[in-house]
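Enquirer: Just the structure for this:
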Amino acid sequence: MKKINVLHNEHGEIIAISNVGNLEGAGIKFSDARMIPAKGQKILEIVLRGEQEKKSMLELHKDFRMDLSTATLVNKR
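Expert: Predicted coordinates for the structure are as follows:
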């Protein structure tokens with residue numbers, strides 16, 4: 001089970017994706033690293049399952065969008 005943060009607009013278009021992780025545990029000196037949504041944007045933490053877990057961040061960004069009614073990633077096609 002892999003978790004990601006998805007920054008998206010009011011139409012469900014993905015703007016950015018980041019991994020959810022422990023910065024200190026990874027040896028990173030920053031105490032906080034996150035995306036900041038602009039007006040009309042939101043961030044959701046999503047759990048990837050099945051085939052989605054095997055996708056790269058680029059593939060997720062290119063091939064998926066957010067379904068706003070279910071707060072899940074769905075194929076663009």
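Enquirer: sec struct for Glu59, please.
Expert: helix (DSSP: H, G, I helix; E, B strand; the rest coil).
Enquirer: Look up how far Lys76 lies from it.
Expert: With the distance defined as C-beta to C-beta, to the nearest Å, Glu59 ends up 11 Å from Lys76. No exception for glycine: its C-beta is placed from N, CA and C like everyone else's.
Enquirer: low-confidence ranges in this structure?
Expert: 21-33 (pLDDT under 70).
Enquirer: all helices in it, in order from the N-terminus.
Expert: Assigned by DSSP state H, the helices in the chain fall at 51-54, 57-63.
Enquirer: Most tightly packed of these?
Expert: Most buried of the helices of the chain by mean neighbour count (mean count of other C-beta atoms under 10 Å) is helix 57-63; its value is a mean of 13.
Enquirer: Show me where this structure has its strands.
Expert: 2-9, 14-19, 41-48, 64-67, 72-75 (DSSP state E).
Enquirer: Please enumerate residues in contact with the fourth one?
Expert: Outside strand 64-67, the residues that touch it by C-beta atoms under 8 Å, 6 or more residues apart in numbering are 6, 8, 12-14, 44, 52, 72-76.
Enquirer: Now do the same contact list for Gln41.
Expert: Counted by C-beta under 8 Å, 6+ apart, Gln41 has contacts 7-10, 15.
Enquirer: Please apply the same query to Leu68.
Expert: Applying C-beta under 8 Å, 6+ apart, the residues contacting Leu68 are 10, 12.
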